[in-house]
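Undergrad: give me a model of this one.
(chains A and B)
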There are 2 protein chains.
Amino acid sequence: MAEDSSRPPVGGTTVAGALARGASDLRLRAVDGGFDLSIGATLVLRHRPDDPAIFVGEGRADVDMYRGNYFLSDRLDARIPLRHAMIDGATVALAATPGGDPLLALTVEGGALALTALADRLNRLWLRCVAQPGERLWGGGEQLSYFDLAGRRFPLWTSEPGVGRDKSTLLTFQCDRDGRSGGDYWNTNYPQPTYLSSRHYALHLDTTAYACFDFRDPAFHEIEAWEIPARIELFAADRFAELVGILSTRFGRQPPLPAWAYEGAILGLKQGMESFARMEAIIAAGAVVTGLWCEDWVGLRETSFGKRLFWDWKANDVRYPALRERIAALNARGIRFLGYVNPYLAVDGDLYVEAVDAGLLARRLDADEPYIVDFGEFDCGIVDFTNPAAANWFAERVIGREMLDIGLSGWMADFGEYLPTDVRLHDGTDGMLAHNAWPTIWAEVNARAIASREQTGEALFFMRAGYTDVGRYCPLFWAGDQSVDFSRHDGIGTVVRAALSSGIVGNAYHHSDLGGYTSLYGNVRTAELLMRWSELCAFSPVMRSHEGNRPDDNLQIDGDPDVLAHFAAMTKVHARLAPYVAALCEEAVANGLPLQRPLFLDWEDDADCWGIETQYGYGRDLIVAPVIEAGVDSRAVYLPAGATWVHLWSGDRYAGGSTVETPAPFGRPPVFWREGSRHAELFRSLMHG
Amino acid sequence: MAEDSSRPPVGGTTVAGALARGASDLRLRAVDGGFDLSIGATLVLRHRPDDPAIFVGEGRADVDMYRGNYFLSDRLDARIPLRHAMIDGATVALAATPGGDPLLALTVEGGALALTALADRLNRLWLRCVAQPGERLWGGGEQLSYFDLAGRRFPLWTSEPGVGRDKSTLLTFQCDRDGRSGGDYWNTNYPQPTYLSSRHYALHLDTTAYACFDFRDPAFHEIEAWEIPARIELFAADRFAELVGILSTRFGRQPPLPAWAYEGAILGLKQGMESFARMEAIIAAGAVVTGLWCEDWVGLRETSFGKRLFWDWKANDVRYPALRERIAALNARGIRFLGYVNPYLAVDGDLYVEAVDAGLLARRLDADEPYIVDFGEFDCGIVDFTNPAAANWFAERVIGREMLDIGLSGWMADFGEYLPTDVRLHDGTDGMLAHNAWPTIWAEVNARAIASREQTGEALFFMRAGYTDVGRYCPLFWAGDQSVDFSRHDGIGTVVRAALSSGIVGNAYHHSDLGGYTSLYGNVRTAELLMRWSELCAFSPVMRSHEGNRPDDNLQIDGDPDVLAHFAAMTKVHARLAPYVAALCEEAVANGLPLQRPLFLDWEDDADCWGIETQYGYGRDLIVAPVIEAGVDSRAVYLPAGATWVHLWSGDRYAGGSTVETPAPFGRPPVFWREGSRHAELFRSLMHG
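TA: Residues are numbered from 1 along each chain as shown, chains lettered A, B, ... in the order given. Here you go, the predicted model:
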């Protein structure tokens, strides 16, 4: 085994130490009738009477929603520049004019600015943070289209991500026309009002209100929130890896992935009992399988979108007879069984009746009856998790007894993005503030159920929805519902950006639906797509296949001998990487670093790494450049300066700091390992198959 | 001849008298710490400290333009509710807070509020006018999609109107994708910041800045302008017809149409010398022709959009040899010749060189050279009409000598919407303020040329672009470039709404391209469309055919014997109506009433007329309900209460106040005349052919 000769990226700084450093470094200084706010040597806010950085206002949200696609606009009544600053120690009182009543107070408190509105009507805040030429910005939660956010505007509101997500494509047009569901580059299941700047600091808004990051102006970043947030948190560190570690501590350090989740593939099959036979055939073809995921364990419902699940969360005895015994038999062979759940209850299911009887559902504002949501040809109630009795009921009665107790080791914890804004909740929270909070609340219910069975770190659920603090509860994300194609804004390539963006706000584990999900308007999977996605997933923490929304219309991993053979080969690569992934999980637990990461996290002294969005470091020792374009048999790969890189399949060595056009035949995705890695032997063994 | 037994619609009120009445009726009254502004008994502004009606602000316009399609957004810095009103006689000083510096002064002055900004930075104004349930709103210049503006938002910025104009259609998508040109419901060549309310008043912003009418809020109409306008003008009258007359006086009473323009059809042909032979064949088929319009008189240029003209404004001797003599020969037969001109000069033409040498072109802000505009595969300079020498040169040298002096009796005065906002003009006007003013300036240059030859009311130009005061100069509008189809937002039906909306802000004469203009992506004319459009034009002031942007791909009026026979028959109907149209022109000159008008202009006591947008009164004595849908052979027609109506083709009589499903075979569009009309004999004669 080769010794690792270079210093670890995070160095000796403990995360706790770094946090303390950030906090103590926040400095407020009166300047020219205004003030500067810096973290360490980095100027974040520059406020002057003639160029104010802080604005408050009044607005009324206009919310238009159709099946999880939100169209928000603001009826703005006022936007007041707070030009006049009165500084008293750690507090700034801000007024519109000299002598005018102060409207907002800012207080430096720990690593944050605490905000206090001093007038009743105020429900809007805008901050203008210092921008610098060439500055890069990352974050915003899980972003599918752009990792570097500079130059664009990002509304932050959890929703359907859209199908097509590109107004220039026919698919987007068709989805917009027929279902208002085409989406745009910024739509995401998992927004988060946190950004990292290439100036080595991060800013987070402590709010669940609608927010927006506008990075279009060369002079400033405009941060908007539809309430006066309690706090604006600031973080800084000398190295990006350290900064990401700090954010992971702030937003929730995840437990390690269970080994079964990365030691083989998880097969997504939803054909009732036929799923078991198909699994055996896939194993017989040479695939390494450690999980069988049957989301149809609850039964099916046919809709025009495709086969949907029956949203009444318990095993369907007709579709899966004797499931408990089946699961036990699988477990004995080292194969876990996974299911599906979401926070809604179909009105024609038994659990809905139970929840109604116990008063556990969210209610309408305009009538004393459950709020019913249209999910596309069927209606559901919303379990009101702000009611402790409802959250407990869902964790214990539903997830605990119907899922964990019959042997499920994991599930897709779907949705969380649809909470209507005109809903009446048990704890009185306004829907506009509860909406973005919902994914995290939903994650907590799932985590609570797992903890109740003492299976934290062993049972696994995965979510697409998220918001601030979701990583505190959710052990694994998936990249949502890609279209089954190579399209720029909704295809396979969005998975890479999703992993990078969610990773740097503290989420270590990410994966995607192998093969993509959404097949509409004749857009169907090609063999090429399935094979490229298998390659991508092999070099991801979790390799889980999905049959998609229209299984019968689309090629499946077991639908073609070549595709199946390729998939099986990729599962072997994935399984062989398990010891390396185990080491990355240890690192994640210790330092909060994501397994899939931007190159600059480990190689920030090479500025050429900063703009790379379609490659990732898989840990520090692998550079992965998945093929995300159709019809190519090679791709350019940038190798960071500061190391020598070895091509995984040929053993050819390359000096870092260069771009290498790398052959990419099926089964040989462009991957390089770092010479000197302590995992060199493992990597070298992969070359020899 | 039957005597007209009912009173004339405008009664004895003179327009001048009405104006004076409106002015004297503007009343400002202090109420509850704020004020009310009324015109007569009609409350227009209700300003209170806790519910202010007036806001000022600061913003920076973000302008993105591609070939006449504008994408504007505002980077808003401030929006200050002016809650505190200090009233002193006819003046109100408004401040944000009690004791704060006044930021705006309003003074009631004549029939208007004069506005004065009291702080330098202010460049935005919002007004909230009183809204009432069920209130209808009309105006906004020439609106193609909606006549009643209630419930929608209308940006007011002259531009291309878009192709498709409906985000749910494939054509709009294709145009957006390939040329950013799909447009939307509010895009128009001719916006105007004037609205009429069903509450019998009108409001006009005296500004050429970008403005927006937002009629979505049930509590108020929000009027926005990107400067502090000099004045907000208010008008009121007891009857709509009177109010429209007042607006016609305000915005420019047009001269009568020349008789030749409505006594027969104007054939639009652009096939060089072949045009003359085709005209003869069309006349031989029975058509009544009083004009030949050859827009290709300047020669052609081939582009991917279709055949475009060569923008160097003089007769092309190769395409039209001996044009002067040809025109004289036509004139001797009672046929006028019309051409085409626009305010741009192609860089590869002779006039461009002449204009550059004389320093007559608009210049770049960032370089001392002419501003060049891309018109789609060719480039042009912009004649700078703010330079008196340039305006004179264009009127005298171009229109005078190259057009009128060789015998042209009319022309399409195209464009006017494209003035870039980052242009340097001779008189120093900011491009953001010059842009909307340009169509009116362009109209004035054309009118000046005609006046210089003493041909006002005899020579005729027609425009699609417009803005406030354009009717003072432009004698005729056409409805722009419809797609060659029946589509809701870009087809034949938009012509009716365009006529109604432009008519009520004082423009008497309107017409359209018979057959439509834009044929893209395989969208081509059907025989049905051509025939329906012939019917519509027969009952319009001017019946002018157009070959469209792609003549070779599209059916023409002489391309099919049935279509030609139908067209010829319709020209006869049109010609037979000439005495009636002459009477309508007299009325327009006297009272400012448009020839094509909403039913409520003459029948406002029948409130069922107020919502009708697809029929029009053609004068007071005809109700025209053109067929604007494909595949129908009848349509519903509403007949106003207060008269008995006679079906033009059958003589059947109907009591007003009812809807009549009316047969509409080709050649018999649904038209009714008012029993008792002094033109009854003429109308009756049409029934007998």
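Undergrad: low pLDDT regions in chain A?
TA: Across chain A, residues meeting the criterion (pLDDT under 70) sit at A:1-24, A:689.
Undergrad: the same query, at a cut-off of 50, please.
TA: Chain A contains residues with pLDDT under 50 at A:1-23.
Undergrad: so which bits of it are right by chain B?
TA: A:55, A:57-58, A:75-81, A:96-97, A:100-101, A:167-168, A:170, A:173, A:176-177, A:217 (C-beta under 8 Å from any C-beta of the partner chain). C-beta here means a position set from N, CA and C on the backbone, and glycine is covered the same way.
Undergrad: quick check, residue A:611 in contact with residue A:136.
TA: Yes - look at residue A:611 against residue A:136 with C-beta atoms under 8 Å: they come within range, at 7.2 Å.
Undergrad: got any residues that touch both of these two?
TA: Residues touching both residue A:611 and residue A:136 (C-beta atoms under 8 Å, 6 or more residues apart in numbering or on different chains) are residue A:148.
Undergrad: residues contacting the closest residue to chain B within the stretch 151-300 of chain A?
TA: Nearest to chain B, among the residues of the stretch 151-300 of chain A, is residue A:173, at 4.3 Å (C-beta to the nearest C-beta). By C-beta under 8 Å, 6+ apart, residue A:173 lies in contact with A:164, A:167, A:182, B:170, B:173.
Undergrad: and residue A:43, what element?
TA: If you go by DSSP states H and E, residue A:43 is part of strand A:42-47.
Undergrad: so the next helix or strand along the chain from that strand versus strand A:42-47, what angle?
TA: Sequence-wise, the next helix or strand downstream of strand A:42-47 (DSSP H and E) is strand A:54-66. Counting by axes from the mean of the first three to the mean of the last three C-alpha atoms, to 10 degrees, strand A:54-66 lies at 100 degrees to strand A:42-47.
Undergrad: alpha carbons of the helix or strand just after strand A:54-66, in CSV - could you do that?
TA: Scanning forward in sequence from strand A:54-66 by DSSP H and E, the next helix or strand is strand A:69-81. Only the C-alpha atoms of strand A:69-81 are listed here, as CSV (Å, rounded to 0.1, in the frame of the first residue of the first chain):
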residue,chain,number,x,y,z
ASN,A,69,-45.3,24.1,-9.5
TYR,A,70,-45.3,27.5,-7.8
PHE,A,71,-45.6,30.9,-9.5
LEU,A,72,-44.8,33.5,-6.9
SER,A,73,-44.8,37.2,-7.3
ASP,A,74,-44.7,40.1,-5.0
ARG,A,75,-47.2,43.0,-4.8
LEU,A,76,-44.7,45.4,-3.4
ASP,A,77,-46.0,48.3,-1.3
ALA,A,78,-42.7,49.7,-0.1
ARG,A,79,-39.0,49.4,-0.4
ILE,A,80,-37.1,51.7,1.9
PRO,A,81,-33.4,52.3,1.7
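Undergrad: and strand A:69-81 with strand A:54-66, angle?
TA: Using the same axes, to 10 degrees: strand A:69-81 against strand A:54-66 is 160 degrees.
Undergrad: got a list of contacts for strand A:69-81?
TA: With contacts defined as C-beta under 8 Å, 6+ apart, strand A:69-81 is touched by A:52, A:54-65, A:96, A:103, A:121, A:124, A:126, A:155, A:157, A:159-160, A:162, A:179-181, A:183, A:187, A:210, A:226, B:55, B:57, B:76-81, B:96, B:217.
Undergrad: what angle separates the longest helix along chain A from strand A:54-66?
TA: In chain A, assigned by DSSP state H, the helix with the most residues is helix A:431-452. Comparing the axes of helix A:431-452 and strand A:54-66 via the same axes, to 10 degrees yields an angle of 80 degrees.
Undergrad: now whichever strand or helix holds residue A:581: how far from the chain's centre is it?
TA: According to DSSP H and E, residue A:581 maps onto helix A:578-591. Relative to the centre of its chain, helix A:578-591 is centred 19 Å away, using C-alpha atoms, centre = their mean, to the nearest Å.
Undergrad: who does residue A:211 form a beta bridge with?
TA: Assessed by DSSP bridges, residue A:211 has beta-bridge partners residue A:156, residue A:225.
Undergrad: just give me the neighbour total for it.
TA: Other residues near residue A:211 come to 23 when the count uses other C-beta atoms under 10 Å in any protein chain shown.
Undergrad: domain assignment for chain A?
TA: Structural domains assigned to chain A are A:15-251, A:597-687, following automatic domain parsing.
Undergrad: gap between the two ends of the last one?
TA: It refers to domain A:597-687. 23 Å (C-alpha to C-alpha, to the nearest Å).
Undergrad: ok so, going back, buried ones only from the residues of chain A next to chain B, please, as a PyMOL command.
TA: Only the buried entries of the residues of chain A next to chain B go into this PyMOL selection, using 16 or more other C-beta atoms under 10 Å in any protein chain shown:
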select buried, chain A and resi 55+57+58+76+77+78+79+80+81+96+97+100+167+173+176+177
